[in-house]
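K.L.:
here's a sequence, model it:
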Amino acid sequence: MLSLGALVRDPALELTVLVPGPPGALEREVLWVHNTELPDPSAYVRERELVLTNGLWQAETTPAEFAATVHRAGAAGIVFGLRVDARTTPGELVRACEQLGLPLAEISVEVPFTAVTRAASMLQADQRRDALVGMVRRGDALAAAISHGAGASGVLAVLRREHDLPLAVVDRMARPLAAAGAELTPAQCRLVAEGLARRPPALEVELEAGSGRATLFLVGAVGDTDAALVCLRPLAELSRAEQDALEQSARFLSLEVAKQQAVQAIELRFASELLDMILSGSRRAAEVPDRLRAFGVDPSGELVVLTTAFAGGDESTLPGLTETVSGFFLAAGLAVVVAGGTQDVVAVLQRPRQDVRELAEALRRTIARRFPDRRTVIGLGEPAANAQALRQPLIQSREACRVLRRRPAPAVATFRDLGTHRLLLGLHDTETLRGFADAIVQPLREFDQRRAASLEITLRAFLQHDGQYGATAAALYVHVNTLRNRLAKITELTGRDVTRTEDRVDLFLALEADELVQSG
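P.N.:
This next block holds a predicted model:
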């Protein structure tokens, strides 16, 4: 690499360092050398260029002013050429460079500046040759890593043989694909994904308060950004060699990410087909065992079904949920088939030794870390004796999940936990439930608002006390006759007689449906 230190180490140039500058300044990369005798060369000197001068400008300006203009231009330093009539470097120039922290060296009378230019040219040629050789060797190593199935982790391992950098690979769904020397939190992965979603994609992102900036090297096909090679250093702190190596590695990662996405797409399609086979009943039952075996699940053993979705919002699933569920079971060492759709994510697996409810709670916590602003619910079906008995547990699991989405609690429940009436209500869409609830509950609420009455509270208390007049009146702190008058008004407004069982069921279901609509 071309630097003032590299030139000083060339004995043929007879360079002597007078001012080394701050630590490491002599070894910083020099862009090129610039020969000038102008009293103010700042308009022509590029940043990180090395200024060569004989000091002929001293007739027009002072050494201190000259040093200030060179420093203002961002030069890498000054090489002062001694002359026959000026065999020492001006002391004022030395003092000025010391104050500015600007490296200063002097070159003997016998060595012309053209020798410095030739040496700089040779250093840059060697640097370009070494960079080219390094790129070829790195390319061979990256190709070998991918061809041998090392994946994204293998690419990072190759890169870190040359550059000890904190690295990670994150895709546009905020999924961490690999890491080496760094560990990103779910929140940091989301920030990377948000940076990739911008148009154009961000090249740097602020990971979190106090975590500093990270540089993104885009991974993907032409016109598409599938992932990012993330270096937990800002771009300004990366050398040109490090940037080149990261850019080359990102291009190789494009191949690996594309391969992973193709595999995931095939697996997702196969998993979705499995659900269709199960729901088709006897017509495709013979195909189910082979499809389960393809995912490593034993079809002859007892199986369980878990259905996951988000509650409390318009979207019941989000990108990355299917992968999070899959990753959880794989991390637990459990063979599983995971099928994701727009309504839910279904997992079919061998019944584990761990209690299924505990497993579901652990899955819910894992999803919560990945999606902290979403409420996750998981419905469980009854265990299936084998692959042929999966249809009913699958239906139970999905319907239980649908009911849980409409309720504020619990987050995990089996089909039996929910009660028959809640399952029946869960089978209907929101508009149907709202229409049913409003037809009965709304007249009571309107009457309560007009008269400052308590008909809805009275009805709920009456049903909660199983239609017992005395217990209900005591709970409401009213006389039994007052209670009878209120119930008569409820009958008048709703058309349901609270003394008849079938009408009382209608009233109870309407109140439950109203709760489901309000919570959903």
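K.L.:
where does pLDDT dip in the stretch 51-200 of the chain?
P.N.:
127-150 (pLDDT under 70).
K.L.:
show me where it has helices.
P.N.:
63-72, 91-100, 113-147, 151-162, 186-197 (DSSP state H, counting those that start in this stretch).
K.L.:
what's the closest of the ones you listed to Arg370?
P.N.:
helix 186-197 (5.1 Å; C-beta to C-beta). For every residue, glycine as well, the C-beta is placed using N, CA and C.
K.L.:
who are the packing partners of that closest one?
P.N.:
In terms of contacts (3 or more C-beta pairs under 8 Å, 6 or more residues apart in numbering; DSSP states H and E), helix 186-197 is packed against strand 167-171, strand 204-206, strand 213-219, strand 227-231.
K.L.:
and among these, the most buried is which?
P.N.:
strand 227-231 (a mean of 28; mean count of other C-beta atoms under 10 Å).
K.L.:
looking at whatever helix or strand comes next after that strand now, give me its mean pLDDT.
P.N.:
Using DSSP states H and E, the helix or strand that follows strand 227-231 in sequence is helix 240-279. Averaging pLDDT along helix 240-279 gives 79.
K.L.:
mind listing what's buried along helix 240-279?
P.N.:
Neighbour-count burial for helix 240-279, counted by 16 or more other C-beta atoms under 10 Å, picks out 241-242, 245-246, 248-250, 252-258, 260, 267-268, 271, 274-275, 277-278.
K.L.:
what would the helices and strands packed on helix 186-197 look like in a markdown table with distance to Arg190?
P.N.:
A markdown table is the format used below for these (distance: least, C-beta to C-beta, whole Å):
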| stretch | distance to Arg190 |
| --- | --- |
| strand 167-171 | 9 |
| strand 204-206 | 10 |
| strand 213-219 | 13 |
| strand 227-231 | 13 |
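K.L.:
mind checking the ones you listed for the one nearest to Leu380?
P.N.:
strand 167-171 (30.2 Å).
K.L.:
the closest one - contacts with which helices or strands?
P.N.:
helix 151-162, strand 176-180, helix 186-197, strand 227-231, helix 240-279.
K.L.:
which residues touch the second one?
P.N.:
Read it as strand 176-180. Contact with strand 176-180 is made by 151-153, 155-157, 159-160, 166-171, 184, 189, 227, 257, 260, as judged by C-beta atoms under 8 Å, 6 or more residues apart in numbering.
K.L.:
make a markdown table out of the helices and strands packed on strand 167-171 and add distance to Gly341.
P.N.:
Below are those laid out as a markdown table (distance: least, C-beta to C-beta, whole Å):
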| stretch | distance to Gly341 |
| --- | --- |
| helix 151-162 | 27 |
| strand 176-180 | 23 |
| helix 186-197 | 21 |
| strand 227-231 | 24 |
| helix 240-279 | 7 |
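K.L.:
for those, which one sits closest to Val19?
P.N.:
helix 240-279 (25.5 Å).
K.L.:
how far away from the center of its chain is the helix or strand just after the closest one?
P.N.:
Per DSSP H and E, the first helix or strand lying C-terminal to helix 240-279 is helix 288-294. Helix 288-294 sits 32 Å away from the centroid of its parent chain (C-alpha atoms, centre = their mean, to the nearest Å).
K.L.:
show me which residues of helix 288-294 are buried.
P.N.:
288-289, 291-292.
K.L.:
please name every helix or strand in contact with that helix.
P.N.:
Against helix 288-294 (3+ C-beta pairs under 8 Å, 6+ apart) you get helix 240-279.
K.L.:
tell me what angle the helix it packs on forms with strand 167-171.
P.N.:
Relative orientation of helix 240-279 versus strand 167-171 (axes from the mean of the first three to the mean of the last three C-alpha atoms, to 10 degrees): 40 degrees.
K.L.:
return the residues in contact with Ala453.
P.N.:
447, 486.
K.L.:
quick check, Asp506 in contact with Val498.
P.N.:
No. The criterion here is C-beta atoms under 8 Å, and Asp506 misses it with Val498 at 10.2 Å.
K.L.:
grab the nearest non-local neighbour of Ile278.
P.N.:
Nearest residue to Ile278, sequence neighbours excluded (C-beta to C-beta, 6 or more residues apart in numbering): Leu390, at 4.8 Å.
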